[in-house]
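Visitor: sequence unavailable; structure follows:
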């Protein structure tokens, strides 16, 4: 009797387990990141031939290092339109260095934009052929997205780049601001690049009239400053969240601008912008401030005054702290001061907790790591257990001490 030949049957995953198929689609399609042309084509084909995957795509990111990296296998405009049209649940779209899509989003057909549930849109490009990316004429179509709440615009630039010449001359507006429809749905606006140098910046702000959350990130150079960009913003009094990175100038100080931001609940300040003279404002004037993030150094004395004086504060993120024990001069950690550093820091954390404030950030993480390392090394030495792990941890502890000593020397303290 000859062997029977079994017919091979192709079995679809959906017929095996719909729950399995659902979980796999959630895993693979809920948040999609594309960083190569081949992956873009694969994703486009998957959406084209598998309609069941379309409603799973909630977040989509195009992340190319440069516009050239998007490759010659770019989708045609009609294919990009078809892709967007077939993603009915897409609420977050990030486009980094994909000029074709960026320009297409500036002029989407109404039938597509109004059918989308897009809530967050971030666009990053070098905009080489644009006179002024911050000109609101480019963003008229955003008013067609009925659910758009967050808009981010970044002008990419290389290290040491200078602003285009168009930023230093007056550009005649193509349309009067009264002819540009306002984007009423957007409440969060994020701008990065040569923001303060745009001759149409105020018009851009006037287009987003309901913004209560503002992020400004401008290079620290001689050409412009982030505080100038904030000063132009006409709605500082209604701001609830402010994240600002860059610099200030003699003619435009952050100290004076914060007085107009009395409704702030969240404030993030970059290294160059925090100065001790801001302490009275942060402590006494921003009475609604609940979250504060500082990437600059703050003394423990100032931090104690802040968390003990502002009753609304709940969370403070600190990246660097200079400990100032009572009755002693300001100093950072050195090789013989680590015990004092740890005990002073722990006391400060407990003091903040008593006032309902949580301290987090790099400075806190660094202190806990150093404390744990020190305890493990001391225990191993006391028990006479010295092995490779002990030696490795002693080296790590030496690094923490060296870092503190280096900070102290860099600060010029003794």
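Guide: Structure's in. What do you need? The structure presented is a predicted model; accordingly, all values stated were derived computationally and were not measured. Numbers count the residues shown, from 1 in each chain.

Visitor: tell me which other helices or strands the host helix or strand of residue 95 touches.
Guide: In the assignment (DSSP states H and E), residue 95 maps to strand 92-96. Other elements packing on strand 92-96 under the criterion 3 or more CB pairs under 8 Å, 6 or more residues apart in numbering; DSSP states H and E are strand 59-63, helix 99-105, strand 120-125. In this view, the C-beta of every residue, glycine as well, is placed from N, C-alpha and C.

Visitor: so for stretch 294-314, mean pLDDT?
Guide: Mean per-residue pLDDT for stretch 294-314: 92.

Visitor: please enumerate the strands of the protein.
Guide: 31-34, 59-63, 92-96, 120-125, 150-155, 188-192, 213-217, 241-245, 266-269, 291-299, 315-322, 358-360 (DSSP state E).

Visitor: low-confidence ranges in the chain?
Guide: Along the chain, segments meeting pLDDT under 70 span 1-19, 67-73, 160, 164-176, 324-337, 385-414.

Visitor: next, the angle from the strand holding residue 95 to strand 59-63.
Guide: Here the directions of strand 92-96 and strand 59-63 differ by 0 degrees (axes from the mean of the first three to the mean of the last three CA atoms, to 10 degrees).

Visitor: strand partners (parallel or antiparallel) of strand 92-96?
Guide: Applying DSSP bridges, strand 92-96 is found paired with strand 59-63 (parallel), strand 120-125 (parallel).

Visitor: now do it: everything it contacts.
Guide: 58-64, 101-102, 105, 118-125, 156 (CB atoms under 8 Å, 6 or more residues apart in numbering).

Visitor: give me that answer again for 7 Å
Guide: 58-64, 101-102, 118-124 (CB atoms under 7 Å, 6 or more residues apart in numbering).

Visitor: with stretch 184-197 instead?
Guide: With contact meaning CB under 7 Å, 6+ apart, stretch 184-197 is reached by 134, 145-155, 157, 163, 167, 201, 208, 210-218, 223-226, 228-229.

Visitor: at 6 Å what do you get?
Guide: 148-155, 163, 167, 208, 210-218, 224-225, 228-229 (CB atoms under 6 Å, 6 or more residues apart in numbering).

Visitor: ok so, going back, adding distance to residue 304 and mean neighbour count, write the helices and strands packed on strand 92-96 out as a markdown table.
Guide: Listed next are the helices and strands packed on strand 92-96 as a markdown table, based on distance: least, CB to CB, whole Å; neighbours: other CB atoms under 10 Å:
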| stretch | distance to residue 304 | mean neighbour count |
| --- | --- | --- |
| strand 59-63 | 41 | 18 |
| helix 99-105 | 47 | 19 |
| strand 120-125 | 38 | 21 |
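
Visitor: now render the ones you listed as CSV, adding distance to residue 293.
Guide: Shown next, in CSV, are these (distance: least, CB to CB, whole Å):
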stretch, distance to residue 293
strand 59-63, 24
helix 99-105, 30
strand 120-125, 20
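
Visitor: contact partners for the spatially closest residue to residue 87 that is not a sequence neighbour?
Guide: Nearest residue to residue 87 in three dimensions, chain neighbours excluded: residue 57, at 4.9 Å (CB to CB, 6 or more residues apart in numbering). By CB under 6 Å, 6+ apart, the contact set of residue 57 is 29, 87, 90.

Visitor: tell me which of those fall in helices.
Guide: residue 29 (DSSP state H).

Visitor: give the buried subset of the contacts of residue 57 as a PyMOL selection command.
Guide: Burial among the contacts of residue 57 is assessed by 16 or more other CB atoms under 10 Å; the matching PyMOL selection reads:
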select buried, resi 29+87+90
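
Visitor: in stretch 101-119, which residues are buried?
Guide: 101, 102, 103, 104, 105, 108, 113, 116, 118, 119.

Visitor: ah, wrong one, I meant stretch 127-135
Guide: For stretch 127-135, by 16+ other CB under 10 Å, it's 127, 130, 131, 132, 133, 134, 135.

Visitor: just stretch 48-58 next, same as before
Guide: Buried-residue list, stretch 48-58, by 16+ other CB under 10 Å: 53, 54, 56, 57, 58.

Visitor: on that earlier part again, make a markdown table out of the strands of the chain and add distance to residue 23.
Guide: Supplementary listing: the strands of the chain in a markdown table, determined by distance: least, CB to CB, whole Å:
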| stretch | distance to residue 23 |
| --- | --- |
| strand 31-34 | 14 |
| strand 59-63 | 17 |
| strand 92-96 | 21 |
| strand 120-125 | 25 |
| strand 150-155 | 29 |
| strand 188-192 | 32 |
| strand 213-217 | 34 |
| strand 241-245 | 35 |
| strand 266-269 | 36 |
| strand 291-299 | 35 |
| strand 315-322 | 35 |
| strand 358-360 | 34 |
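
Visitor: what's the separation between residue 137 and residue 105?
Guide: 14 Å (CB to CB, to the nearest Å).

Visitor: repeat for residue 362
Guide: Distance from residue 362 to residue 105, by CB to CB: 36 Å.

Visitor: what of residue 249?
Guide: Per CB to CB, residue 249 is found 34 Å from residue 105.

Visitor: please enumerate the helices of the stretch 1-150 of the chain.
Guide: Along the stretch 1-150 of the chain, counting by DSSP state H, counting those that start in this stretch, helices occupy 13-16, 18-29, 37-49, 77-85, 99-105, 110-113.

Visitor: out of the ones you listed, the one nearest residue 311 is which?
Guide: Nearest of these to residue 311, taken as CB to CB: helix 18-29 at 43.1 Å.

Visitor: from the chain's centroid, how far away is the closest one?
Guide: 30 Å (CA atoms, centre = their mean, to the nearest Å).

Visitor: thank you, goodbye.
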